[in-house]
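*Asks:* kindly return the folded structure for what I paste below:
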Amino acid sequence: MKQAAQLNKTATNSEFRKFGMRDKVGYMFGDFGNDFFFILVASFLMIYYTDILHIHPATVGVLFLIARLWDAIADVTWGRFIDTRNAGKAGKFKPWIFRMSFPLVISGILMFVYIPGMTNGFYLAYAFVTYILWGTLYSTVNIPYGSMASVITSDPVERTTLSTYRTLGANLAGLIINVAGPLILFVDNDADANRFLLGAIIFGVLSISCYMACYKMTTERIIAPVRVKEKGNFGKTVKGLVKNKPLIWILIISLMFMICFMLIGAVNVFLFKEYFSNAKALSMVGFLQTGTVFVAMPMVRALVNKFGKKEVAAAGALLSAVIYSLLYFLPNLSTTQFISLLTIAMFGYAFFNLVIWAFVTDVIDYHEYLTGLREDGTVYSIYSFARKVGQAIAGGLGGFAIAAVGYNSGLDVQTQDTLNGIYTLATLVPAVTFILMFLMLVFFYPLNKKRTNQLAIDLAEQRMSNKLDMLYQKNSEKGND
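*Replies:* Numbers count the residues shown, from 1 in each chain. Now for the predicted structure:
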């Protein structure tokens, strides 16, 4: 009992530096480092494979599909491995960020090493090995990073702040990649192998710097408690997950959004490079996309307080659906006109992207309400798994779709049918996806503002009742003794 009590203790404020801005900025640097390569890969790796390594788009789709499904398994496996490790002097999660960030960045640079004069088979094998290796190593850094927020502070309000700073870090990386990337990677509107390697090295150095800042500036203060295993809990958990309608619907909606979001990112490169003959215009798109997030961020809290998370996310999805539909029916717009309307669509789905983590919190609460079990990790891992599946589908779908419209990297100018097909992929597909998301949120996702507020009240009462029951049982056992 004494040993269990010692393991279950929470670190006191006197043992560590007080939580503050240093931790918030340090945690921001973690996702800043993550997304230097994640966004580079999501936005530009397909064009690198098709135009420099000359791999068929459909084959690239197969590679992305296999790799992302493997990553989903790697996430769960590595998360379980981390949970079985003991905390060291620097904490339980930080040491893994320090150890694994170096091989992660090296593997990222290796993806963009081009060896001229090799066979098509060599390029294909090289792509498979380096991409899957990078994805596996990404899990070894991202999983401990994502888990670390719960041990930096126990204050739920400050944990929300950490989430906000994480989003800020991701968007700053996106701003740099999407604005500077096209300027570095393309020469005369063509993908250049040497420039891609240069870009990978630059972003790799920045990534390592951010990881080291995260490691140095954050402090793990909470010692994880020892969980007592109870028979029947797993069955109870599974039943609760099956009955958790908010979880099921948010998984479906989030899966659709992830597929659409990543498909847009992949197709937009071909849209601006081939349809508008202006690959560097992607810099402006990337700048405006990040700008819409920064504009929406201060508005989210007030809108959610007034209308609710479900309502704000649904309105944003509807706005995006309307604008993408308008773009589809206006195919003769100039580059500037297209980007201007596209910015409004990006502003719409920025709201969904900003509140999605709050949705996850709600479904975790609902799981506790149904089962009496607080299983943040279980529910979150299921959500993370679904996102990886979405990335897998999007990666495969993007390659298959580009191939289906007839894209040929060997042509200087694509056929008109191919150009029209690329435009349809970039406009009609997201329009349909966002309208389906809107309908699902409005008619199927059950936790509107009123029900979410009531859930908080019911859950607080349930927790108090459980505490009273435990206190009564404890006093009864003392009386028997």
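*Asks:* read off the pLDDT value for Gly377.
*Replies:* We have a pLDDT of 53 for Gly377.
*Asks:* likewise Phe294?
*Replies:* Note on Phe294: pLDDT of 84.
*Asks:* secondary structure element holding it?
*Replies:* According to DSSP states H and E, Phe294 maps onto helix 281-307.
*Asks:* check which residues of that helix are buried.
*Replies:* Buried residues in helix 281-307, defined by neighbour count with 16 or more other C-beta atoms under 10 Å: 281-286, 288-293, 296-297, 300, 303-304. (Glycine included, C-beta is placed from N, CA and C.)
*Asks:* assign Asn453 to helix, strand or coil.
*Replies:* Taken by DSSP: H, G, I helix; E, B strand; the rest coil, the conformation at Asn453 corresponds to helix.
*Asks:* count of residues packed around it?
*Replies:* 12 (other C-beta atoms under 10 Å).
*Asks:* quick one, what contacts it?
*Replies:* Residues in contact with Asn453 (C-beta atoms under 8 Å, 6 or more residues apart in numbering): none are found.
*Asks:* so the protein: which segments form each domain?
*Replies:* Here the domain parsing of the chain from automatic domain parsing is 18-223, 233-468.
*Asks:* centre-most residue in the chain?
*Replies:* Arg387 (7.1 Å; C-alpha atoms, centre = their mean).
*Asks:* phi and psi next, for the residue lying closest to that one once chain neighbours are set aside.
*Replies:* Nearest residue to Arg387, sequence neighbours excluded (C-beta to C-beta, 6 or more residues apart in numbering): Met258, at 5.4 Å. Note on Met258: its backbone torsions stand at phi -60, psi -40 [degrees, to the nearest 10].
*Asks:* weakest of the domains of the chain by average pLDDT?
*Replies:* For the domains of the chain, mean pLDDT drops lowest on domain 233-468, to a mean of 82.
*Asks:* figure out how far that domain is from the centre of its chain.
*Replies:* Distance of domain 233-468 from the chain centroid (C-alpha atoms, centre = their mean, to the nearest Å) equals 11 Å.
*Asks:* follow-up on the earlier one: for the residue nearest to Arg387, what are its contacts?
*Replies:* Met258 touches 386-387, 390-391, 394, counting by C-beta under 8 Å, 6+ apart.
*Asks:* so which of these belong to strands?
*Replies:* Within those, no residue falls in strands by DSSP state E.
*Asks:* which one of the residues you listed sits closest to Lys310?
*Replies:* Ala386 (18.5 Å; C-beta to C-beta).
*Asks:* can you list contacts of stretch 305-312?
*Replies:* Taking contacts as C-beta under 8 Å, 6+ apart, the residues outside stretch 305-312 that touch it are 300, 303-304, 315, 351, 355, 358-359, 362, 441, 445, 447-450, 452.
*Asks:* helices of the stretch 101-250 of the chain, start to end?
*Replies:* Assigned by DSSP state H, counting those that start in this stretch, the stretch 101-250 of the chain shows helices spanning 120-152, 156-185, 193-217, 233-243, 245-270.
*Asks:* need these in a markdown table (columns: distance to Ala456).
*Replies:* Shown next, in a markdown table, are the helices of the stretch 101-250 of the chain (distance: least, C-beta to C-beta, whole Å):
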| stretch | distance to Ala456 |
| --- | --- |
| helix 120-152 | 20 |
| helix 156-185 | 12 |
| helix 193-217 | 32 |
| helix 233-243 | 18 |
| helix 245-270 | 14 |
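*Asks:* out of those, which one sits most buried?
*Replies:* Mean neighbours per residue, mean count of other C-beta atoms under 10 Å, is largest over the helices of the stretch 101-250 of the chain for helix 245-270, with a mean of 22.
*Asks:* picking that back up, next, the angle from the helix holding Phe294 to helix 245-270.
*Replies:* 160 degrees (axes from the mean of the first three to the mean of the last three C-alpha atoms, to 10 degrees).
*Asks:* so which bits of the helix or strand just after helix 281-307 are buried?
*Replies:* Note on helix 281-307: by DSSP H and E, the next helix or strand toward the C-terminus is helix 309-328. For helix 309-328, a neighbour-count test (16+ other C-beta under 10 Å) marks 309-325, 327-328 as buried.
*Asks:* could you point out which element follows helix 309-328?
*Replies:* Per DSSP H and E, the first helix or strand lying C-terminal to helix 309-328 is helix 335-371.
*Asks:* next, the buried residues of that next one.
*Replies:* Applying 16+ other C-beta under 10 Å to helix 335-371 flags 338-339, 341-356, 358-371 as buried.
*Asks:* what separates Ser340 from Leu288, distance-wise?
*Replies:* For Ser340, the distance to Leu288 equals 9 Å [C-beta to C-beta, to the nearest Å].
*Asks:* and stretch 273-282, end to end?
*Replies:* 9 Å (C-alpha to C-alpha, to the nearest Å).
*Asks:* which residues touch that stretch?
*Replies:* 43, 47, 178, 181-183, 186, 189, 268-269, 272, 335, 338-339, 407, 414, 418-419, 422-423, 426.
*Asks:* coming back round to it: I'd assumed Met256 was in contact with the residue nearest to the centre of the chain.
*Replies:* No - look at Arg387 against Met256 with C-beta atoms under 8 Å: they stay out of range, at 11.5 Å.
*Asks:* and Gly406, its phi and psi?
*Replies:* Residue torsions, per degrees, to the nearest 10, at Gly406 are phi 90, psi 20.
*Asks:* quick one: residues contacting it.
*Replies:* With contact taken as C-beta under 8 Å, 6+ apart, Gly406 is in contact with 414-415, 417-418, 421.
*Asks:* keep only those of those residues that are in strands.
*Replies:* Per DSSP E, the contacts of Gly406 never map to strands.
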